[in-house]
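> turn this into a structure:
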Amino acid sequence: MPDERDAYWFPAKRYGWGWGLPVAWQGWLVLALYFAAVVSAGIWLRPHVHPLMFYGSVGAVTMLLIVVCLLKGEPQGER
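Numbering: from 1, shown residues only. Next comes the predicted model:
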């Protein structure tokens, strides 16, 4: 019988709030896409030329990563 934890892409941290490194390939894909988006923002939206656009786009993809972690990560406080 599969464990319910097997369905999570990101485990909850043992101490504190947040998630650890991915435990499923889907989580690693999400993390790789996040880093690719941040690097792309640094290349295309030079922070010293377009600081608001750069930080806004990094903030947007970070919020998207947090939403994915909330949806597919282990709920906080279950450990």
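
> now the helices for this protein?
Assignment of helices within the chain using DSSP state H yields the ranges 25-44, 51-72.

> how about TSV for these, with mean neighbour count and distance to residue 9 added?
In this view, the C-beta of every residue, glycine as well, is placed from N, C-alpha and C. TSV is the format used below for the helices of the chain (neighbours: other CB atoms under 10 Å; distance: least, CB to CB, whole Å):
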stretch	mean neighbour count	distance to residue 9
helix 25-44	14	3
helix 51-72	14	4
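
> adding distance to residue 8, write those out as TSV.
Listed next are the helices of the chain as TSV, based on distance: least, CB to CB, whole Å:
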stretch	distance to residue 8
helix 25-44	8
helix 51-72	7
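
> out of those, nearest to residue 15?
When the helices of the chain are compared by CB to CB, helix 51-72 sits nearest residue 15, at 17.0 Å.

> give the rounded mean pLDDT of that closest one.
Summarised as a single mean, pLDDT over helix 51-72 is 96.

> ok, and what's touching that helix?
8-10, 19, 26-27, 30-31, 34, 37-38, 41-42, 45-47 (CB atoms under 8 Å, 6 or more residues apart in numbering).

> hmm, try it at 6 Å
Residues from elsewhere that reach helix 51-72, judged by CB atoms under 6 Å, 6 or more residues apart in numbering: 9, 10, 19, 30, 34, 37, 38, 41, 45, 47.

> what of stretch 26-39?
The contact list for stretch 26-39 (CB under 6 Å, 6+ apart) reads 9, 10, 22, 58, 61, 65, 68.

> among those residues, which pair sits farthest apart?
Maximum pairwise distance among the contacts of stretch 26-39 (CB to CB): 21.6 Å, between 9 and 58.

> and the residue nearest in space to the middle of the chain, how far from residue 7?
Closest residue to the average C-alpha location of the chain: residue 65 at 3.5 Å, with CA atoms, centre = their mean. If you measure residue 65 against residue 7 using CB to CB, to the nearest Å, the figure is 19 Å.

> just residue 41 next, same as before
31 Å.

> kindly report the same for residue 34.
Applying CB to CB, the value for residue 34 to residue 7 is 21 Å.

> and if you look at residue 36?
Distance, residue 36 to residue 7, by CB to CB: 25 Å.
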